[in-house]
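In: Dropping a prediction and its sequence here:
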Amino acid sequence: QVQLVESGGGLVQPGGSLTLSCAASGNMFRIYEMGWYRQAPGKQRELVATITKELNTNYADSVKGRFAISRDNDKNTVYLQMNSLKPEDTAVYYCNADILGVTFERSNNNWGQGTQVTVSS
């Protein structure tokens, strides 16, 4: 059983910053790619950023230059530093991880519970 627990969401004014964290725990052998997705009301879930075990990163065009994804492999934790936040960044942010379990079954369908980010004055 694998758990992803997010923290760090909240209310911030436009132009402000927030940092999200997501820690993975449970019966894991290896964590491959980790990432952040978001879902705004009435919209589909969309990719925000991903990072491989080798620390290669990928960003949605809408967040390039404003958001930074990082990870600590020793702590099984991924972070999302969000700067210059805009009202359109308001969404529930979800952590995702591609994990090889101790039974050697690999799955990328591992999600956190979500954390609300609201950007408003």
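Out: Happy to help now that I have it.
In: State the three-state secondary structure for the residue lying farthest from the centre of the chain.
Out: Distance from the C-alpha centroid of the chain, by C-alpha atoms, centre = their mean, peaks at residue 103 (25.2 Å). Of the three states, residue 103 takes coil under DSSP: H, G, I helix; E, B strand; the rest coil.
In: What separation is there between it and residue 91?
Out: 34 Å (C-beta to C-beta, to the nearest Å). Every C-beta, even on glycine, is put in place using the N, C-alpha and C of the backbone.
In: Which residue lies closest in space to the residue minimising distance to the centre of the chain, excluding its sequence neighbours?
Out: Centroid-nearest residue in the chain, with C-alpha atoms, centre = their mean: residue 36, separated by 2.6 Å. Excluding the flanking residues, the one nearest residue 36 by C-beta to C-beta, 6 or more residues apart in numbering is residue 48, at 4.3 Å.
In: Just to check, the one you found is in contact with residue 35?
Out: Yes. Look at residue 48 against residue 35 with C-beta atoms under 8 Å: they come within range, at 7.3 Å.
In: Need the residues touching each of these two.
Out: residue 69 (C-beta atoms under 8 Å, 6 or more residues apart in numbering).
In: all strands of the chain, in order?
Out: Secondary structure of the chain (DSSP state E): strands located at 2-7, 10-12, 18-26, 28-39, 46-51, 57-59, 67-72, 77-82, 91-101, 106-111, 115-119.
In: With mean pLDDT added, can I get those in CSV?
Out: Formatted as CSV, the strands of the chain follow (pLDDT from 0 to 100):
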stretch, mean pLDDT
strand 2-7, 95
strand 10-12, 98
strand 18-26, 97
strand 28-39, 96
strand 46-51, 98
strand 57-59, 98
strand 67-72, 98
strand 77-82, 98
strand 91-101, 96
strand 106-111, 93
strand 115-119, 98
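In: what sits against residue 82?
Out: By C-beta under 8 Å, 6+ apart, the contact set of residue 82 is 17-20, 63, 66-67, 89, 117.
In: run the last query once more with 7 Å
Out: When the contact criterion is C-beta atoms under 7 Å, 6 or more residues apart in numbering, the partners of residue 82 are 17-18, 66-67, 89.
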